[in-house]
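[1] sequence first, predicted model second:
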Amino acid sequence: MKIPARTQYGLRLMFQLAKDYPNNRVQLAEIASRENISEKFLSLIMMPLRSAGLVLSIRGAQGGYRLARDPTSITVLNIFEALEGEVLGFDGSETPIDNATEDSRCAAYEVWLRVQHQMSDAMSDVSLQDLLQIHNSKRGINDFII
């Protein structure tokens, strides 16, 4: 499966906001610079993230964006669904092969349903906090939470 650029960049954007949570708000220009992504593209990604309640915008000269919730409560699945909708979006009503028999459609539906559930489960198991811990461990930074 190919992950859309919008979702890849959206996850990077959310990671940057998680790095600064809860104290700081971050401007899109700063995230664009850190991640080498177009600020215009990030602003398009930000809209559905705000609509989904994952991000808050703060107006004013010192404004910017921040996570709406703690990084432990925002999963990769939340971000994916905010930007792309349901994983695979497969409900069985589609007929990828017009001349498929009822038996093969039924079998294929079960396979795609399993894939959909496994992908959803895998993405819901990873929070932004998990990504921060992975990042810190690769950089040799120990995070002792008491």
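    That came through fine. Residues are numbered from 1 along each chain as shown.

[2] which helices and strands does the helix or strand bottoming out on mean pLDDT in the chain pack with?
    The weakest-scoring helix or strand in the chain, judged by mean pLDDT, DSSP states H and E, is helix 102-124 (a mean of 80). Packing partners of helix 102-124 (3 or more C-beta pairs under 8 Å, 6 or more residues apart in numbering; DSSP states H and E): helix 76-84. Heads up, the C-betas are built off the backbone N, CA and C, glycines and all.

[3] please enumerate the strands of this structure.
    Remark: strands assigned in the chain by DSSP state E are 55-58, 64-67.

[4] and those: which comes nearest residue 85?
    Set against residue 85 and scored by C-beta to C-beta, the strands of the chain come closest in strand 55-58, at 17.7 Å.

[5] send over the closest one as CSV, restricted to the C-alpha atoms.
    Output of strand 55-58 as CSV, limited to C-alpha atoms (Å, rounded to 0.1, in the frame of the first residue of the first chain):
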residue,chain,number,x,y,z
VAL,A,55,-4.9,20.6,16.5
LEU,A,56,-5.7,24.0,18.0
SER,A,57,-4.8,27.3,16.3
ILE,A,58,-3.8,30.3,18.3
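
[6] that strand pairs with which strands?
    strand 64-67 (antiparallel) (DSSP bridges).

[7] where does the prediction get shaky in this structure?
    Counting by pLDDT under 70, the ranges of the chain that qualify are 1, 88-105, 141-146.

[8] mind listing what's buried along stretch 60-67?
    64-67 (16 or more other C-beta atoms under 10 Å).

[9] please tabulate those residues in a markdown table, including the columns distance to residue 130.
    Shown next, in a markdown table, are the buried residues of stretch 60-67 (distance: C-beta to C-beta, whole Å):
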| residue | distance to residue 130 |
| --- | --- |
| 64 | 24 |
| 65 | 21 |
| 66 | 19 |
| 67 | 14 |
